[in-house]
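Visitor: attaching a predicted model along with its sequence, questions to come.
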Amino acid sequence: MNKPIYILFLFLGFIVANEPPEWATILDKVIDEDCISCADFPIDLNDYLSDPDPDDILTVEVTEVTGATFAVDENLLLDIGLDSDFYGDINVELTASDGEFTPTTTFNITVNPINDAP
């Protein structure tokens, strides 16, 4: 007599939840008009951005502003290039991404006017 054979498949699945990156406060900066190597720049964004998921690759984008251009390199160094003769306040908005979450932070830059040589 044949005995029935029972096969039991057991599947254990794990769902790994992605945690969002987090920004620490970036202090406001003060620089001078027409600076070439502006004080406090480049800013190492690794000092202000953390991600609980160490395998995530983080990217950062800067919202366009009037008076300056910004660049973020692959090492997350933020640098600034001021427009000629620009002075005033710049509100900088940074958006990080881990591929799923996109937290933002802001900080201000005050650009002091400098008298041009005659």
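Guide: Alright, I've got the coordinates. Numbers count the residues shown, from 1 in each chain.

Visitor: spatially central residue in the protein, please.
Guide: Nearest to the geometric centre of the chain sits residue 60, at 3.6 Å (CA atoms, centre = their mean).

Visitor: how about that one, what does it touch?
Guide: Residues near residue 60 by CB atoms under 8 Å, 6 or more residues apart in numbering: 45, 49, 72, 76, 78, 94-97. Any C-beta I mention is one placed from the backbone N, CA and C, and that applies to glycine too.

Visitor: and if we set it to 6 Å?
Guide: 45, 72, 76, 94, 96 (CB atoms under 6 Å, 6 or more residues apart in numbering).

Visitor: okay, and which of these map to strands?
Guide: Counted as lying in strands by DSSP state E, out of these, are 72, 94, 96.

Visitor: dump these to CSV, plus neighbour count, pLDDT and distance to residue 115.
Guide: Shown next, in CSV, are those (neighbours: other CB atoms under 10 Å; pLDDT from 0 to 100; distance: CB to CB, whole Å):
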residue, neighbour count, pLDDT, distance to residue 115
72, 18, 97, 32
94, 22, 98, 32
96, 25, 97, 38
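
Visitor: closest to residue 26 out of those residues?
Guide: The shortest approach to residue 26 among the ones in strands among the contacts of residue 60 belongs to residue 94, at 7.8 Å (CB to CB).

Visitor: still on that earlier bit, wait, a strand at the residue nearest to the centre of the chain?
Guide: Yes - assessed with DSSP: H, G, I helix; E, B strand; the rest coil, residue 60 lies in a strand.

Visitor: partner residues bridging it?
Guide: Taking DSSP bridges as the rule, residue 60 bridges to residue 96.

Visitor: what comes up buried for stretch 27-35?
Guide: 29, 31, 33-34 (16 or more other CB atoms under 10 Å).

Visitor: apologies, that question was intended for stretch 74-84.
Guide: For stretch 74-84, the buried set under the neighbour-count rule, 16+ other CB under 10 Å, comprises 76, 78, 80, 82.

Visitor: thank you, goodbye.
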